[in-house]
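Colleague: Okay, here's the prediction I keep looking at, along with the sequence it came from:
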Protein chains: 2
Amino acid sequence: MTVYAAQGDPKRSMSLLWGRDAPDRGRRPGPKQGLSVDLIVETAISIADADGMAALSMRAVGERLGRTAMALYTYVPGKDELVDLMYDRVQAELPAEYELRDGWRAAVTARAHDMWEFHLRHPWTLQVSQARPVLGPCEYAAFETSLRILRETGLPAPMLRRTISVLYHFVRGAAQTVAEVRQAAAATGVSDEEWWYARSAVLEEVAPDFASRYPTLTWMEGEGGFQMEDETVPYLEQEALETFATGLTVILDGIETALREPGPA
Amino acid sequence: MTVYAAQGDPKRSMSLLWGRDAPDRGRRPGPKQGLSVDLIVETAISIADADGMAALSMRAVGERLGRTAMALYTYVPGKDELVDLMYDRVQAELPAEYELRDGWRAAVTARAHDMWEFHLRHPWTLQVSQARPVLGPCEYAAFETSLRILRETGLPAPMLRRTISVLYHFVRGAAQTVAEVRQAAAATGVSDEEWWYARSAVLEEVAPDFASRYPTLTWMEGEGGFQMEDETVPYLEQEALETFATGLTVILDGIETALREPGPA
DNA sequence: TCCGAACACTTTAGGCCGTATAGAGTTCAG
DNA sequence: CTGAACTCTATACGGCCTAAAGTGTTCGGA
């Protein structure tokens, strides 16, 4: 389901993204447009938020707006461009300013948490390819904000760019786990507990030599030792949150080490 | 294109994964099977390796084997199960043993590099959901190996589990960038240079106030300063490799800090 | 020896998807 | 008032996964 950025006419899609698409509507012949790009994008976002990227189809968006799928093509060149617009639009939810007086470490932590929540609010963003970025105003703004925070570290520019990538990879990866867990539960109607229970029963049958075959793994399962802090939140999500906190600390500590001992660059 | 794990009969798919599927073929009526699960899985892998997950269809696999799509359903319950089998199968390529005498840091670095190359050899693995793991013998074995290496750090079990997750998230994220860049170039026939050139020209037109709007970003672009070491490797891939190296160092340094100053756990 | 059940495989079909194309109906400039 | 421009619908094509039905092969047992 990974969605790749639109590859059509750059002029058209960039104009749409930057809100400079045909500013003189209304002075032309033909019926007035009953919808708007904004409305379509908002509708598409709410569908993707609720039911995931797989449920996002031109037909679904059109139907929710009382039109056919083809009606949308008057507003947007195609589905890829629509996803680009959705992606850029939601980025605007991320805060633009962070308190820097408590040092970069506190600000980066806050930023990472905001991004974590952002991705969980819009899990489909994790399925938008990062290879050829959307290049919209909000994505640039979000990157600018991250950059401004991390510039406080004093790292040289190339190192800065890579450090941001590392943080982004981590936050996206950690959020993706939770997103996929939730998606799997919602899509199949089977909870993680049920799923795991069914699987592990079969596993014992099919791999009776598990313990001797995977000793370290068996050891770790035995150690276990995770305390459920909140019974209402599924185990896997609590574990993911712990992983997120741990990982963030590890990376921030690593950045501090890099600041103390500048590398070969 | 994210592919979720098969949700069908656990018994059937686990038997397939662990190679315990109906061991008494040949003593039953009906024509002999002309294909085998292994052959199908291998063919599917080679299609996905070459043309990506999007090109993997039951029709494509069947056609390459001289059958229709439906013929495959005698061997495999469905496409999801086929992907599970593919995923588990390729994991076997990862080395099982690492030299631990030079310390855990060297071994983790080697492991991370092996995983990086693994993911770039099979980019489609990055589109297989991690939420409900495949639970096949090779995936367990690969995890066992990672675990054995990182156990050398002496971290307690819960911390160990999270640290592995952090590393996995990072390696997957970093590899994904390269994979998507290559995929985009292959699928569209447009190189990154061409793509970027077309985009940046339009960007200037559509956002003439770019420099004042995104000052930090503009500053970083000005600093630039990345030396192309090898002209035959695209810029973005070289940058990604640098990011990978940097990120790995950062994370390993962070782990060392955690070892010196055990956390609240 | 021959039948019927089990099986491999093909054909067809149904319900999704994105979108090309053609046409119907509305609105404006001249 | 006309014709062009425009919005939106209907239809259709080619793709996807896979359910269901049909064809022909192969075997165990009578």
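Modeller: All right, it came through fine.

Colleague: mind checking which helix or strand A:Val202 is in?
Modeller: Using DSSP states H and E, A:Val202 sits within helix A:192-206.

Colleague: Buried residues, the following helix or strand past that helix. List them.
Modeller: Downstream of helix A:192-206, the next assigned helix or strand under DSSP H and E is helix A:210-213. Going by neighbour count (16 or more other CB atoms under 10 Å in any protein chain shown), the buried part of helix A:210-213 is A:Phe210. Yep, even glycine has a C-beta here, placed from its N, CA and C like the rest.

Colleague: any idea of the mean pLDDT for helix A:210-213?
Modeller: Per-residue pLDDT over helix A:210-213 has a mean of 96.

Colleague: Which residue does the stretch 101-250 of chain A have closest to DNA strand C?
Modeller: Going by CB to the nearest atom of the strand, DNA strand C is nearest to A:Trp124 of the stretch 101-250 of chain A, at 12.7 Å.

Colleague: ok, now which ones touch that residue?
Modeller: A:Ala48, A:Asp49, A:Gly52, A:Met53, A:Leu56, A:Met86 (CB atoms under 8 Å, 6 or more residues apart in numbering or on different chains).

Colleague: As TSV, these with pLDDT would be great.
Modeller: Shown next, in TSV, are the contacts of A:Trp124 (pLDDT from 0 to 100):
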residue	pLDDT
A:Ala48	97
A:Asp49	97
A:Gly52	95
A:Met53	96
A:Leu56	98
A:Met86	98
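
Colleague: count of residues packed around A:Gly19?
Modeller: 12 (other CB atoms under 10 Å in any protein chain shown).

Colleague: right, I mislabeled it, should have said A:Met159
Modeller: Neighbour tally, A:Met159, other CB under 10 Å: 21.

Colleague: And the pLDDT at the residue of the stretch 101-250 of chain A closest to DNA strand C?
Modeller: On the pLDDT scale, A:Trp124 is placed at 97.

Colleague: One more: A:Met228?
Modeller: 63.

Colleague: about what we covered before: centre of the chain versus the helix holding A:Val202, how much separation?
Modeller: 30 Å (CA atoms, centre = their mean, to the nearest Å).

Colleague: so where's the stretch 101-250 of chain A uncertain?
Modeller: A:224-229 (pLDDT under 70).

Colleague: The residue of the stretch 1-150 of chain A found nearest DNA strand D: what secondary structure?
Modeller: Here the residue of the stretch 1-150 of chain A nearest DNA strand D is A:Gly30; by CB to the nearest atom of the strand that distance is 2.4 Å. State at A:Gly30, reduced to three classes by DSSP: H, G, I helix; E, B strand; the rest coil: coil.

Colleague: remind me, longest helix of chain A?
Modeller: Counting residues, the longest helix found in chain A (DSSP state H) is helix A:157-188.

Colleague: Which elements pack onto that one?
Modeller: Applying 3 or more CB pairs under 8 Å, 6 or more residues apart in numbering or on different chains; DSSP states H and E, one finds that helix A:157-188 makes contact with helix A:104-121, helix A:137-151, helix A:192-206, helix A:235-260, helix B:157-188, helix B:215-223, helix B:235-260.

Colleague: Please identify which of the ones you listed is closest to B:Cys138.
Modeller: Taking CB to CB, helix A:192-206 is the member of the helices and strands packed on helix A:157-188 nearest to B:Cys138, at 14.0 Å.

Colleague: on contacts alone, who are the packing partners of the closest one?
Modeller: Helices and strands touching helix A:192-206, by 3+ CB pairs under 8 Å, 6+ apart, are helix A:157-188, helix A:235-260, helix B:10-17.

Colleague: okay, now the domains of chain A?
Modeller: Listed by automatic domain parsing, the domain ranges of chain A are A:10-91, A:153-260.

Colleague: In CSV, list the ones you listed along with distance to DNA strand C.
Modeller: Below are these laid out as CSV (distance: least, CB to the nearest atom of the strand, whole Å):
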stretch, distance to DNA strand C
domain A:10-91, 3
domain A:153-260, 15
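
Colleague: quick one: the residue of chain A most remote from its centre from A:Asp21, how far?
Modeller: In chain A, counting by CA atoms, centre = their mean, A:Pro29 sits farthest out from the average C-alpha position, at 41.6 Å. Between A:Pro29 and A:Asp21 the computed distance is 19 Å (CB to CB, to the nearest Å).
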